[in-house]
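**Q** Here is a sequence together with a model predicted from it:
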Amino acid sequence: MPNLRFYGGGDDIHYAKETEVLICGPRGTGKSIAVLHKVYLMLSMFPNARALILRKTRKSLTSSTIPTFENTILDPGPLKDFLLKSGGSHGYRQRYVFPHGASLELGSMQDVDSFKSADYDMIVIEEAESIQNEADYLTLIPCLRNSRMVLNKDAQGCGVPPRHFHQIICCCNPGSPNHWLNRRANTDAMRRIRSHIRDNPRHWDYEKDAYTDVGEQYYSTFNHFPPYMKKRYLDGEWVAAEGIVYPDFDESIHVIPKVPEGVKIQRTIAAVDWGHAHPTSILVIGKGSDDKFYVLDEYYGAGKTVDELAKVCRDFQNRYQVEVFVCDAANKGNIDFFNKSGIPSTTTDKRVEFGISLVTQRLSQSKIHFLDKIKPRDTGLSGAQGLLDEFSLYCYKTNKNGQQTDTVEKTNDDALDALRYGIVYLDSADNEMIWSIF
């Protein structure tokens with residue numbers, strides 16, 4: 001094995017014994033190399049042990065994780081030759097099999113369901129900040145049951161029961177403070193290990209206490225990044241993007257498991273923002289007897305025909321007794337189709353600033369809540385994966401001097417536009433004045 005030395009978080013991860021571990025920090029701190037090194041050591045020690053490494057996509061695994069493992073972790077020699085002959089060719093490799101039966105398997109989070117019945121001793125999720133759905137992560141924890149890694153093997157002859165080692169490691173760069181990984185690492189469920197720029201000897205000279213030439217060149221590439229991205233990629237901080245449209249949104253306050261006991265949903269509407277190449281968002285919103293609004297359900301996806309969207313809406317009609325679908329007026333043809341198909345549809349006031357002010361008021365007064373069943377899930381789309389994801393991505397534009405303007409960016413706003421339509425509709429004192437029934 002190459003003569004690798006680890007510092008700070010890279011060293012700490014080797015000794016971590018907790019079941020769930022998050023290692024996070026700035027880019028280029030050697031997190032992935034340290035984690036892969038630990039996995040390699042553990043598999044080398046225990047016959048028939050099994051580990052699994054995942055990234056969001058198979059393509060990213062092939063272009064990043066596999067080359068790092070083969071070129072940095074494996075030392076040239078008979079063992080490397082043996083491992084590279086197992087499990088398929090580079091681009092299609094499924095696993096590495098060690099001579100003593102241990103194996104390192106490779107996969108993507110897009111195929112997470114295929115691993116549910118498998119048994120592993122260790123699981124690693126690389127680039128874990130790109131995984132939007134905590135439920136996918138939770139389905140992997142029960143797979144830690146192979147029990148081939150025994151930490152106190154020498155003591156078993158003395159009547160001491162075996163102490164099996166199982167661990168899932170999430171390796172990531174910081175993102176939004178509302179990301180489920182950050183929230184989970186703030187609880188006792190998951191240990192957080194922080195890595196720092198000085199952990200990587202390739203980028204930091206300990207004797208000079210300064211960047212190496214390579215490090216200085218690498219980190220200078222972030223000089224013209226927005227401030228919030230510098231805080232994430234250079235300082236390792238979980239910060240929201242600057243100029244967030246809805247800074248009052250707090251997942252710990254606004255996301256709840258169910259409608260509170262004693263509260264009755266008095267009326268239910270659905271709000272629709274049309275899309276095709278970009279997502280269509282359909283939100284089911286209920287008005288409670290406590291004068292609060294509850295987002296009960298969500299559809300978020302792209303590429304659907306209007307007939308397919310109508311089927312989604314009929315399902316919402318049947319399940320929630322939706323009285324009307326409040327739609328983006330930009331597509332009158334779809335609205336006409338809905339009405340002719342028995343899906344009562346209308347439009348509402350589309351003024352962006354007006355709608356944002358109403359949503360902001362509801363958020364600041366905790367008079368709008370979102371059921372946690374609508375937490376983001378991997379839709380296969382780039383960017384936001386649903387309503388709750390958009391809150392941390394929806395920003396105001398900046399001018400050429402980097403100053404915030406009063407105009408919102410028209411990205412990551414599909415579900416939030418739908419939310420705006422729904423809140424405007426329900427919050428208007430006289431609905432009849434703004435309805436436009438087709």
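**A** Arrived safely.

**Q** per the record, what domains does the protein have?
**A** 8-233, 251-434 (automatic domain parsing).

**Q** Show me how far the first one is from its chain's centre.
**A** This means domain 8-233. 17 Å (C-alpha atoms, centre = their mean, to the nearest Å).

**Q** rewinding a little: would you reformat the domains of the chain as JSON lines and include mean pLDDT?
**A** As requested, the domains of the chain are exported to JSON lines (pLDDT from 0 to 100):
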{"stretch": "domain 8-233", "mean pLDDT": "89"}
{"stretch": "domain 251-434", "mean pLDDT": "89"}
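
**Q** Kindly reformat those domains as JSON lines containing distance to Ala241.
**A** Placement of C-beta: from N, CA and C, glycine included. Shown next, in JSON lines, are the domains of the chain (distance: least, C-beta to C-beta, whole Å):
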{"stretch": "domain 8-233", "distance to Ala241": "5"}
{"stretch": "domain 251-434", "distance to Ala241": "5"}
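
**Q** I'd like the ones you listed laid out as JSON lines, including distance to Ala240 and mean neighbour count.
**A** Shown next, in JSON lines, are the domains of the chain (distance: least, C-beta to C-beta, whole Å; neighbours: other C-beta atoms under 10 Å):
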{"stretch": "domain 8-233", "distance to Ala240": "6", "mean neighbour count": "17"}
{"stretch": "domain 251-434", "distance to Ala240": "6", "mean neighbour count": "18"}
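
**Q** Of all those, which one is nearest Ile244?
**A** Closest approach to Ile244 among these (C-beta to C-beta): domain 251-434, 5.9 Å.

**Q** Next, name the residue at the spatial heart of the protein.
**A** Gln132 (2.2 Å; C-alpha atoms, centre = their mean).

**Q** From Phe391, how far out is Ile131?
**A** Ile131 sits 18 Å away from Phe391, going by C-beta to C-beta, to the nearest Å.

**Q** My error: substitute Arg58 in the last question.
**A** Distance check for Arg58 against Phe391: by C-beta to C-beta, it reads 30 Å.

**Q** do Gly342 as well
**A** Distance, Gly342 to Phe391, using C-beta to C-beta: 33 Å.

**Q** Then Ile343?
**A** From Ile343 to Phe391 the distance is 28 Å (C-beta to C-beta).

**Q** Just the helices from the stretch 101-250 of the chain, written as ranges.
**A** 134-140, 180-185, 213-219, 227-233 (DSSP state H, counting those that start in this stretch).

**Q** can you list those helices in JSON lines and add distance to Ala49?
**A** Shown next, in JSON lines, are the helices of the stretch 101-250 of the chain (distance: least, C-beta to C-beta, whole Å):
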{"stretch": "helix 134-140", "distance to Ala49": "17"}
{"stretch": "helix 180-185", "distance to Ala49": "26"}
{"stretch": "helix 213-219", "distance to Ala49": "35"}
{"stretch": "helix 227-233", "distance to Ala49": "34"}
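
**Q** between those, which gets nearest to Glu242?
**A** That would be helix 227-233 among those, by C-beta to C-beta, at 4.9 Å.

**Q** What lies in contact with that closest one?
**A** Residues from elsewhere that reach helix 227-233 (C-beta atoms under 8 Å, 6 or more residues apart in numbering): 26-27, 173-175, 222, 225, 237-242.

**Q** Helix, strand, or coil at Asp406?
**A** What DSSP: H, G, I helix; E, B strand; the rest coil gives for Asp406 is strand.

**Q** which residues sit in contact with it?
**A** Applying C-beta under 8 Å, 6+ apart to Asp406 gives the contacts Glu353, Tyr396.

**Q** Report the separation between it and Ser117.
**A** Using C-beta to C-beta, Asp406 is found at 53 Å from Ser117.

**Q** what do you get for Cys171?
**A** 25 Å.

**Q** before we move on, what about Asp188?
**A** Taking C-beta to C-beta, one finds Asp188 at 28 Å from Ser117.

**Q** Give me the distance between the two termini of stretch 72-79.
**A** End-to-end span of stretch 72-79 (C-alpha to C-alpha, to the nearest Å): 14 Å.

**Q** do the same with stretch 396-416
**A** Distance between the two ends of stretch 396-416: 14 Å, counting by C-alpha to C-alpha.

**Q** Arg50 bridge partners, please.
**A** Listed beta-bridge partners, Arg50: Ser103 (assigned using DSSP bridges).

**Q** Next: Ile265.
**A** For Ile265, the beta-bridge partners are Gly288 (DSSP bridges).

**Q** Go ahead and confirm it touches Asp290.
**A** No - Ile265 lies out of contact with Asp290 (C-beta atoms under 8 Å); the separation is 10.3 Å.

**Q** and Leu426, which of the three is it?
**A** Relying on three-state DSSP, one would call Leu426 helix.

**Q** List the contacts of it.
**A** Here Leu426 is in contact with Arg267, Ile269, Ile285, Lys287, Phe293 (C-beta under 8 Å, 6+ apart).

**Q** rerun at 6 Å
**A** By C-beta atoms under 6 Å, 6 or more residues apart in numbering, Leu426 lies in contact with Lys287.

**Q** again with Arg184
**A** Met190.

**Q** before we move on, what about Ser289?
**A** For Ser289, the contact set (C-beta under 6 Å, 6+ apart) comprises Val263, Lys264, Gln266.

**Q** just checking, the last one touches Lys287?
**A** Yes - using C-beta atoms under 6 Å, Gln266 is in contact with Lys287, at 5.5 Å.

**Q** Grab the nearest non-local neighbour of Phe98.
**A** In space, and not counting its chain neighbours, Phe98 is closest to Leu43: 6.0 Å by C-beta to C-beta, 6 or more residues apart in numbering.

**Q** is it true that the one you found lies in a helix?
**A** Yes - the assignment for Leu43 is a helix, going by three-state DSSP.

**Q** what's next to whichever strand or helix holds Ile253, contact-wise?
**A** Element membership of Ile253 [criterion: DSSP states H and E] is helix 251-254. For helix 251-254, contacts defined as C-beta under 6 Å, 6+ apart pick out Asn178, His369, Phe370.

**Q** Find the nearest non-adjacent residue to Ile343, please.
**A** In space, Ile343 is closest to Cys313, 5.1 Å off (C-beta to C-beta, 6+ apart).
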